[in-house]
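Student: Sequence and predicted model, in that order:
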Amino acid sequence: MPFHMTLIRAGVLLAAAAAQGAFAQNDWPAYGRDPGAQRYSQLKQIDPANVSKLVEAWRVETRPASETGNKRASSTTPLMVNGLLYFATPYQSLVAVEPETGKRIWTFGHQHAARTSRGIAYWPGDRNSPPSIYFGTEDGFLIAVNARTGKLVSGFAKEGELDLKPGVNDELPNAPYGLNGAPAVYKNLVFTGSHLQDYGSYGGRGDVRAWDTSTGKLVWTFHTVPQPGEPGHETWLDDGWKNRSGVNVWNTFSVDAQTGTLFMPLGSPSDDRYGGDRPGANLFGNSLLAVDAMTGKLRWYLQPIHHDLWDSDLPPQPTMVDVVHNGEKIPALVQAGKTGLIFILDRRN
């Protein structure tokens with residue numbers, strides 16, 4: 001079906017009031033609503049008693065007339081911030097609408113390779129830079145758009161567009177490298193993962209990187225396949241680490257804002273169903289990592305599957321919760337994966 005944004009309502013229960021303060025109760029300012037991905041909303045207008053009465057309130061058709069007959073699927077998560085609803089479309093555009101009516105406030109279009117973003121990120125800006133929306137493209141760019149105007153943020157990277165491929169695709173420049181997972185924002189940093197190949201061992205690297213939200217300058221890089229001299233390099237035998245693709249965050253991150261910890265759920269090494277050319281445990285493939293958000297320094301990791309041959313990675317965004325165990329309240333992190341197991345970890349260690 002063609003992609004469109006639909007809002008439903010029950011009688012007069014549509015109450016998308018403008019935000020009051022930094023974030024209103026009805027805001028959804030991040031991919032998982034909050035940095036820890038709890039996805040919890042306190043709104044009560046829709047409940048079991050009236051959910052069956054919901055009817056369509058408005059519809060926004062995002063497919064351009066030139067794309068008639070070209071139907072593209074979407075898996076994006078909209079954001080609701082300060083009275084505006086933002087979402088990416090599979091037709092090379094980012095849209096802001098009025099949530100009460102569906103009226104378009106602005107549309108930003110681009111000419112990069114078309115594939116819908118799984119999600120977008122919001123940064124409130126500072127005294128020198130405007131509030132911004134960040135999203136990735138299939139051909140490996142991170143784009144910053146002014147959240148108020150829908151225009152490129154000219155001070156970010158090269159007139160609002162940052163080419164993510166230098167530094168990770170240098171040896172194999174024709175290897176696929178994109179970003180369709182949601183970036184994450186903490187303080188003045190925006191974090192990016194990558195969309196890489198599943199088949200073929202050698203290609204773009206899955207390094208996680210942090211960029212300055214105002215300028216787009218690189219702040220730090222974490223090598224998800226450890227390089228010589230780095231912890232974990234010894235788990236790649238027979239030079240299996242060289243030009244290894246995969247081991248990437250292809251979904252998105254979580255952040256513990258109180259401790260400044262970035263949680264990274266990492267994918268399988270490529271080729272994800274053949275390991276004959278990569279003997280060893282292959283850190284940090286199929287791992288959940290905690291790093292210092294400001295420096296990228298490793299704090300701890302869990303690798304549930306060593307030397308994966310089944311594409312059994314940890315794609316979901318980790319969720320922060322508090323767990324009471326033996327009378328003690330423990331700050332925890334919940335991580336699901338493809339094996340059917342759910343891991344509940346003390347997120348401090």
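Tutor: Nice, I can see it.
Student: low-confidence ranges in the stretch 101-250 of the chain?
Tutor: Low-confidence segments of the stretch 101-250 of the chain, defined by pLDDT under 70: 114.
Student: Start from the N-terminal end of it and give the strands.
Tutor: For the stretch 101-250 of the chain, the strands defined by DSSP state E, counting those that start in this stretch occupy 104-109, 121-123, 132-136, 141-146, 161-163, 184-186, 189-192, 208-212, 218-222.
Student: now for the ones you listed, which one comes closest to residue 87?
Tutor: Evaluated over the strands of the stretch 101-250 of the chain, closeness to residue 87 peaks at strand 132-136, with 9.9 Å, by Cβ to Cβ. Quick note: C-beta positions are derived from backbone N, CA and C, even for glycine.
Student: tilt between that closest one and strand 104-109?
Tutor: Orientation of strand 132-136 against strand 104-109 (axes from the mean of the first three to the mean of the last three Cα atoms, to 10 degrees) gives an angle of 40 degrees.
Student: Work out the gap between strand 132-136 and the centre of the chain.
Tutor: Centroid displacement of strand 132-136 relative to its chain, using Cα atoms, centre = their mean, to the nearest Å, is 10 Å.
Student: go on, stretch 200-209?
Tutor: Centroid separation for stretch 200-209 versus its chain: 17 Å, with Cα atoms, centre = their mean.
Student: do stretch 340-349 as well
Tutor: Remark: stretch 340-349 is offset 20 Å from the chain centroid, using Cα atoms, centre = their mean.
Student: Just the residues contacting it, thanks.
Tutor: With Cβ atoms under 8 Å, 6 or more residues apart in numbering as the test, stretch 340-349 has contacts from 256, 259, 261, 263, 288, 290, 300, 302, 304, 320, 323, 330-337.
Student: now with 6 Å?
Tutor: Stretch 340-349 has contacts (Cβ atoms under 6 Å, 6 or more residues apart in numbering) with 300, 330-336.
Student: In the sheet, which residues pair with residue 288? Tell me.
Tutor: Beta-bridge partners for residue 288, by DSSP bridges, are residue 265, residue 302.
Student: What is the neighbour count of it?
Tutor: Applying other Cβ atoms under 10 Å, we find 23 residues neighbouring residue 288.
Student: Contacts only, for it.
Tutor: Shown in contact with residue 288 (Cβ under 6 Å, 6+ apart): 265, 302, 314, 335.
Student: and the nearest residue to residue 272 once chain neighbours are set aside, which of the three is it?
Tutor: Leaving aside its chain neighbours, residue 272 sits nearest to residue 311 (4.3 Å; criterion: Cβ to Cβ, 6 or more residues apart in numbering). Here residue 311 is recorded as coil under DSSP: H, G, I helix; E, B strand; the rest coil.
Student: From residue 274, how far out is residue 311?
Tutor: Computed as Cβ to Cβ, to the nearest Å, the residue 311 to residue 274 distance reads 11 Å.
Student: List the residues that contact residue 183.
Tutor: Residues in contact with residue 183 (Cβ under 6 Å, 6+ apart) are 121, 134, 190, 192.
Student: Many thanks, have a good one.
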